[in-house]
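Enquirer: sequence? don't have it. structure:
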């Protein structure tokens with residue numbers, strides 16, 4: 001279930017719109033650390049180990065990225081991220 005689209009600040013009078021975006025997490029199997037998609041503008045897709053550098057994208061772009069990197073050794077998954085818009 002997705003969260004409510006609006007959240008109140010501590011004062012209660014100001015409302016902030018929240019938006020759900022996605023990052024693509026790729027598990028390479030074994031004890032290796034998961035990777036995240038950093039850039040999708042080139043082939044091959046650029047990956048990073050740092051989640052803070054992961055590309056935050058819409059659902060359709062994330063699904064396209066998953067399709068392009070999916071193979072037997074890599075297991076990609078969508079991870080939802082709440083992004084606040086003032």
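Expert: Received it, and whenever you're ready, just let me know what you need. Owing to the predicted nature of the structure, the values given are computational and were not obtained by experimental measurement. Numbering: from 1, shown residues only.
Enquirer: quick one: which helix or strand includes the residue at minimal distance from the centre of the chain?
Expert: Nearest to the geometric centre of the chain sits residue 23, at 1.1 Å (C-alpha atoms, centre = their mean). Applying DSSP states H and E as the criterion places residue 23 in strand 15-27.
Enquirer: Tell me the first helix or strand C-terminal of that strand.
Expert: Taking DSSP H and E, what comes next after strand 15-27 is strand 35-39.
Enquirer: What count of nearby residues applies to the residue nearest to residue 68 when sequence neighbours are not counted?
Expert: With sequence-adjacent residues excluded and distances taken as C-beta to C-beta, 6 or more residues apart in numbering, residue 68 is closest to residue 45, at 6.4 Å. C-betas here are computed from N, CA, C, even on glycine. Residue 45 sits with 18 neighbouring residues when counted by other C-beta atoms under 10 Å.
Enquirer: ditto for residue 47
Expert: 18.
Enquirer: Mind giving me the packing neighbours of the helix or strand containing it?
Expert: Using DSSP H and E, residue 47 sits in strand 46-48. With contacts taken as 3 or more C-beta pairs under 8 Å, 6 or more residues apart in numbering; DSSP states H and E, strand 46-48 sits against strand 35-39.
Enquirer: returning to what we had before: angles on the backbone of the residue nearest to residue 68, please.
Expert: Backbone torsions of residue 45, given as degrees, to the nearest 10, read phi -70, psi 140.
Enquirer: got a list of what it touches?
Expert: 37, 39, 65, 68, 69 (C-beta atoms under 8 Å, 6 or more residues apart in numbering).
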